[in-house]
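*Asks:* Structure for the following, please:
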Amino acid sequence: MIRFLILFLLAQAVLFGLEMLQAVQQQVILPWTALIADISGWFMSFFDTNVIASGKVISHSLNGFAVSIEPGCNGVEAMIVLLAAIAAFPAPWLYKLKGLAWGFVAIQGMNLLRIISLFYLGQWSRELFDWAHLYIWQALIMLDALVVFLIWIRYLPLDDKPLTEQPA
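*Replies:* Alright, predicted model coming up:
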């Protein structure tokens, strides 16, 4: 357990450190954030043709309301936490890759729901938008990463080695 915690914390430190590098921000994080905005805008345009996505900003052409998807709101941090946990846990690499793939889908799917709900909530009430953004959705995204990790652990293959008896 101590080994897992040390590896988990070390992996997080390295991954969060890499994420903060200017080159990584410019080449990976900002394009990813713009893609998330485009995908969110695309989904919303099925129900609301007044939604416009441009770069990392999603706006409404009739009322002028807009949200900007900033670092911390793009699901990257939750993926870093999940990646560190799965990488640190002793398991076969194939299962680690499967866990990361399913985790990516779960976290990014939840993040799309987050962005869309906040976009419409913000048009209705700025106070509720701020509260949901800062308290509800931050916790739910990280909880999503934890739940994915716990489900992933649940479905890991059991070790087939028989337990050896220890002398008394």
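*Asks:* Show me what Ile52 bridges to in the sheet.
*Replies:* Beta-bridge pairing of Ile52, defined through DSSP bridges, involves Ser59.
*Asks:* Now do the strands in this structure.
*Replies:* Under the criterion DSSP state E, strands of the chain are mapped to 51-54, 57-60, 66-68.
*Asks:* most packed of those strands?
*Replies:* Highest mean neighbour count among the strands of the chain (mean count of other CB atoms under 10 Å): strand 57-60, with a mean of 18. In short, each C-beta sits where N, CA and C put it, glycine included.
*Asks:* to the chain's geometric centre, what's the distance from that one?
*Replies:* The offset between the C-alpha centroid of strand 57-60 and the centroid of the whole chain comes to 21 Å, using CA atoms, centre = their mean, to the nearest Å.
*Asks:* Show me what the mean pLDDT comes to for that strand.
*Replies:* Here strand 57-60 scores 95 as its mean pLDDT.
*Asks:* about what we covered before: okay, the strands of the chain in TSV with distance to Pro90 next?
*Replies:* Below are the strands of the chain laid out as TSV (distance: least, CB to CB, whole Å):
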stretch	distance to Pro90
strand 51-54	42
strand 57-60	41
strand 66-68	41
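*Asks:* quick one: low-confidence parts of the chain?
*Replies:* Along the chain, segments meeting pLDDT under 70 span 159-168.
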